[in-house]
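Chemist: sequence plus the predicted model coming up.
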Amino acid sequence: MKRLIWISAWLWIGLWSCEPKEEGPAPTDPTKPVVDEVKKAIVDVMREWYFWNGQVPVTVDLTKYASNEALLDGIIYKPIDRFSYLTTQEAFNNAFVGKNAGHGFGFAFTADEKLYVSFVFAESPAGKDGWKRGWEITQINGKPIADYKIAGGYDFKLGGPDPGIVNSFTFKLPDGTTTTRSNIKAEYQSNSVLDQRVIQVDAKKVGYWAYQSFKATAGLSPTRSAEVQTSMEFFQNQGVQELIIDLRYNGGGSVAVAEQVCNYLIQTSNNNKLMYTNKLNAMKTAQNTSRNFSKIGSINLSRVIFITSGSSASASELIINALDPYMQVVLIGDNTFGKPVGSFPLSSYNRVLQTNNVEVVPITFAIANSAGKAEYFDGFPANFKVGDSPQFAWGDVKDLRLAAAIQYIRTGTVGNRTMDTYYKPSWELIDAFKGLQQEFPVF
């Protein structure tokens, strides 16, 4: 028996068992290339599992498409589907447990288009070289940042994630000095928690949690995150009365880990109530499922404040949506990305895909909270729009969005002067990536 593996852009959480389709042997006709068999398999699984399978063309001329990627792009439901992708089985599995390759850091712009390091993974090449959030990047490979501007954003030409690629960065540090560093891409294990601390706000203990992606810890069963457990136990032991969750650079990840976070945050009084439901296409209605809360720990909050941006997507939006019927959720920063649908990988259900190491990860289900809210393709609107300020370190109360969250806790609102800092960036980190990498945007 095989297990379907749920992802909200996109991971494994087995919710039912399903017998894979048996397939006959591949044709032996030497005039028919194997690549056409892979393309046919892609179309077959899309017709069966794709959420919008009724939009797949009735006839598909495989010879029109030079690659598997071009084929998928040619048959998905546009413009709604910005999410379906192809990858390999190994890359898919590695991504959701934080096995990365690259430099290991993110970018963000200020309103005047100065570029800063927005986050750094501790064990990445950048992390081991001591890079920090708040370092201004003035040059990449000897060229000023303005030279990389293109229509609609920036192309920094850093190459793929392959180990061994070298890029040079010139930084202006917070103390005013400059440094130029060459950095070699390598494989590394990424962390999800970028910062956790307790901030005293008048008489209240306020937890602050900067969380970059919903990644599972390899080897744990059921699927969950040891980092999430450690953080939530820290906040529980500190007796926090409010919690600020910073998802501004969080593109999504594992639904199982998103559920784990929700189960720590839900009140005991709402234990066992509906968290969310999944709806598949008309051929798979028997597979529709729902998940209930299962309270973990003793954190008991009446509200959660989320710091969000246009890069807050998928599993980030799932926890906001799932908690909304049961507590006050306040969004500070910018509107979220808009991904109310999810995926699971399909190679397990097609022998041709499995044999050729092609992982098809299309949209396969829609997600609704207990109130039935499911259509948020435009994202969740921020309650208070406030500009980003990546020039400040994690937890620095001069950070505009963190300062706004603290102001909200003190006064119940965010002042006009703070909201006047809002700007719509021309480029978000998530915009630089497609497919699997869009779920975990990092250079």
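Modeler: Cool, the structure landed. Numbering: from 1, shown residues only.
Chemist: tell me what the top helix by length along the chain is packed against?
Modeler: For the chain, the longest helix by residue count, based on DSSP state H, is helix 34-49. Judged by 3 or more CB pairs under 8 Å, 6 or more residues apart in numbering; DSSP states H and E, helix 34-49 is in contact with helix 68-75, helix 351-355, strand 359-361. Heads up, the C-betas are built off the backbone N, CA and C, glycines and all.
Chemist: look up phi and psi at Asp388.
Modeler: Per-residue torsions, Asp388: phi -80, psi 150 (degrees, to the nearest 10).
Chemist: number of nearby residues for it?
Modeler: Neighbour count of Asp388, defined by other CB atoms under 10 Å: 27.
Chemist: how much space between the closest residue to it other than its chain neighbours and Phe171?
Modeler: Spatial nearest neighbour of Asp388, excluding adjacent residues (CB to CB, 6 or more residues apart in numbering): Ala108 at 5.8 Å. Distance of Ala108 to Phe171, computed by CB to CB, to the nearest Å: 14 Å.
Chemist: not counting sequence-adjacent ones, nearest residue to Ile430?
Modeler: Using CB to CB, 6+ apart, the nearest residue to Ile430 is Ser311, at 4.2 Å.
Chemist: check the one you found and give its pLDDT.
Modeler: pLDDT recorded at Ser311 is 95.
Chemist: contacts only, for it.
Modeler: 248-251, 337, 428-430, 441 (CB atoms under 8 Å, 6 or more residues apart in numbering).
Chemist: which residues touch stretch 261-278?
Modeler: Contacts of stretch 261-278 (CB under 8 Å, 6+ apart): 6, 15, 214, 228, 232, 243, 259, 288-302, 304, 318-319, 321-323, 326-327, 342, 365-370.
Chemist: my bad, should have said stretch 425-438
Modeler: 9-10, 83, 85-87, 91-92, 95, 106-109, 113, 118, 152-154, 156, 161, 249, 251, 309-311, 313, 337, 361, 388, 441-443.
Chemist: try 6 Å
Modeler: 85, 87, 95, 106-107, 109, 153-154, 251, 310-311, 441 (CB atoms under 6 Å, 6 or more residues apart in numbering).
Chemist: contacts only, for Ile165.
Modeler: Contacts of Ile165 by CB under 6 Å, 6+ apart are 159, 185.
Chemist: could you shift the numbering so residue one becomes 36, and keep it that way?
Modeler: All right, first residue 36 from here; so that's Ile200.
Chemist: how close does it get to Asn176?
Modeler: Going from Ile200 to Asn176 by CB to CB gives 11 Å.
Chemist: same check, this time on Ser227
Modeler: Ser227 is 29 Å from Asn176, by CB to CB.
Chemist: tell me which of these two has more neighbours.
Modeler: Per other CB under 10 Å, whichever of Ser227 and Asn176 has more neighbours is Ser227, with 24 against 15.
Chemist: just checking, the more buried one touches Phe249?
Modeler: No - the pair Ser227 / Phe249 is not scored as a contact, 7.1 Å apart, by CB atoms under 6 Å.
Chemist: domain assignment for the chain?
Modeler: 137-224, 228-313+321-375+403-460+469-474 (automatic domain parsing).
Chemist: and Leu107, which of these is closest to it?
Modeler: Leu107 lies closest, by CB to CB, to one member of the domains of the chain: domain 228-313+321-375+403-460+469-474, at 9.8 Å.
Chemist: what about the closest one, start to end distance?
Modeler: This stretch, domain 228-313+321-375+403-460+469-474, spans 16 Å end to end (CA to CA, to the nearest Å).
Chemist: same thing with stretch 453-471?
Modeler: 35 Å.
Chemist: out of Ala143 and Phe206, which sits in the more crowded spot?
Modeler: Using other CB under 10 Å, the more surrounded residue of Ala143 and Phe206 is Ala143, with 23 against 20.
Chemist: looking at this, the more buried one is in a helix?
Modeler: No - secondary structure of Ala143 (DSSP: H, G, I helix; E, B strand; the rest coil): strand, not part of a helix.
Chemist: against Gln235, how distant is it?
Modeler: Going from Ala143 to Gln235 by CB to CB gives 27 Å.
Chemist: can you confirm Glu294 is in a helix?
Modeler: Yes - membership of Glu294 in a helix is supported by three-state DSSP.
Chemist: and for it, nearest residue in space, chain neighbours not counted?
Modeler: Nearest to Glu294 is Arg326, by CB to CB, 6+ apart, at 6.3 Å.
Chemist: helix, strand or coil for that neighbour?
Modeler: Arg326 - assigned by three-state DSSP - is strand.
Chemist: Ala245 too?
Modeler: Per three-state DSSP, Ala245 ends up strand.
Chemist: look up the pLDDT of it for me, please.
Modeler: 98.
Chemist: close enough to count as contact, it and Asp431?
Modeler: No - using CB under 6 Å, Ala245 is not in contact with Asp431; the gap is 11.4 Å.
Chemist: the more surrounded of those two?
Modeler: A count of neighbours by other CB under 10 Å puts Ala245 above the other of Ala245 and Asp431, at 23 against 14.
Chemist: what sits against Asp116?
Modeler: With contact taken as CB under 6 Å, 6+ apart, Asp116 is in contact with Ile398.
Chemist: tell me which element it is part of?
Modeler: Counting by DSSP states H and E, no helix or strand carries Asp116.
Chemist: cool, Phe427 as well?
Modeler: Going by DSSP H and E, Phe427 is not in any helix or strand.
Chemist: so who does it touch?
Modeler: If you count contacts by CB under 6 Å, 6+ apart, then Phe427 has 169, 433-434 around it.
Chemist: next structured bit after whichever strand or helix holds Ile355?
Modeler: For Ile355, the host element (DSSP H and E) is helix 350-358. Using DSSP H and E, the helix or strand that follows helix 350-358 towards the C-terminus is strand 363-368.
Chemist: what's the first helix or strand after that following strand?
Modeler: Following strand 363-368 toward the C-terminus (DSSP H and E): strand 376-378.
Chemist: helices and strands around that next one, which ones?
Modeler: strand 398-404 (3 or more CB pairs under 6 Å, 6 or more residues apart in numbering; DSSP states H and E).
Chemist: what's the mean pLDDT across the strand it packs on?
Modeler: Strand 398-404 comes out at a mean pLDDT of 96.
Chemist: sheet partners, orientation included, of that strand?
Modeler: Applying DSSP bridges to the sheet, strand 398-404 is found paired with strand 309-314 (antiparallel), strand 376-378 (antiparallel).
Chemist: just the CA coordinates of it, formatted as CSV?
Modeler: This file holds the C-alpha atoms of strand 398-404, laid out as CSV (Å, rounded to 0.1, in the frame of the first residue of the first chain):
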residue,chain,number,x,y,z
ILE,A,398,-1.8,21.4,-7.2
THR,A,399,-4.0,18.5,-6.0
PHE,A,400,-6.3,19.9,-3.3
ALA,A,401,-7.8,23.1,-1.9
ILE,A,402,-7.7,24.0,1.8
ALA,A,403,-10.5,25.6,3.8
ASN,A,404,-10.6,26.5,7.5
